[in-house]
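Enquirer: I'd like to go over a predicted model; first the sequence, then the structure.
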Amino acid sequence: MKTFNKLFTAAVLISALFLVSFVQDDDTWMVPEKYKTMENPTENSSRNMKIGKMLYSKHCKSCHGNQGLGDGPKAASLDTYPGDFSSEEFQSQSDGELYYKTTFGRDEMPAYENTISSDEDRWLIVHYMRTFAGE
């Protein structure tokens, strides 16, 4: 019986360690390496910034708010905080990381790959999100 208890305890511990190794921190958003190094191919011009602002207003503002503070009218109904685009943590991400997150989404953040089908338009939103730095 002692041998069985030891084996059972060992099996439980091994199983627990195995499961823990697959649990990901909920706050960690895994972005593939190829996106981390992508550079925004669109020009940061006043015309493109206006387009980015218009697209942000149409698709993002309801959750992320006018100033990107995560305080849009839909934010209160979300299970997770949409994030603060003016934060150093947000702004330290590469353009490619922001493009990836906007394109593919996760959890409550919708994927905009089909809704905003133009790659260029999603890149223009990334330019506009940069305007929230330090607000």
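Expert: Thanks, I have the structure now. All values derive from a computational prediction rather than experimental measurement.
Enquirer: And the average pLDDT for stretch 54-61 is what?
Expert: The predicted model assigns stretch 54-61 a mean pLDDT of 98.
Enquirer: Could you export that stretch as PDB, CA atoms only?
Expert: As requested, C-alpha coordinates have been extracted for stretch 54-61 and formatted as PDB (Å, rounded to 0.1, in the frame of the first residue of the first chain):
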ATOM      1  CA  MET A  54     -11.100  57.700 -39.200                       C
ATOM      2  CA  LEU A  55     -10.500  53.900 -39.100                       C
ATOM      3  CA  TYR A  56      -9.700  54.000 -35.400                       C
ATOM      4  CA  SER A  57     -12.800  56.000 -34.700                       C
ATOM      5  CA  LYS A  58     -14.900  53.500 -36.700                       C
ATOM      6  CA  HIS A  59     -13.400  50.200 -35.400                       C
ATOM      7  CA  CYS A  60     -11.500  50.800 -32.200                       C
ATOM      8  CA  LYS A  61     -12.800  53.800 -30.300                       C
END
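Enquirer: how would you label the residue nearest to residue 126 when sequence neighbours are not counted: helix, strand or coil?
Expert: The shortest distance from residue 126 to any non-neighbouring residue, by Cβ to Cβ, 6 or more residues apart in numbering, is to residue 98 (4.7 Å). (Glycine included, C-beta is placed from N, CA and C.) Here residue 98 is recorded as helix under DSSP: H, G, I helix; E, B strand; the rest coil.
Enquirer: Residue 98 and residue 88: what is the separation?
Expert: The span separating residue 98 from residue 88 equals 14 Å under the rule Cβ to Cβ, to the nearest Å.
Enquirer: tell me the contacts of the residue lying closest to residue 48 once chain neighbours are set aside?
Expert: Of all residues not flanking residue 48 in the chain, residue 124 sits nearest, at 5.2 Å (Cβ to Cβ, 6+ apart). By Cβ atoms under 8 Å, 6 or more residues apart in numbering, the residues touching residue 124 are 42, 48, 49, 51, 52, 55.
Enquirer: hang on, the third one in a helix?
Expert: Yes: using three-state DSSP, the assignment for residue 49 is a helix.
Enquirer: Thanks again, I'm all set now.
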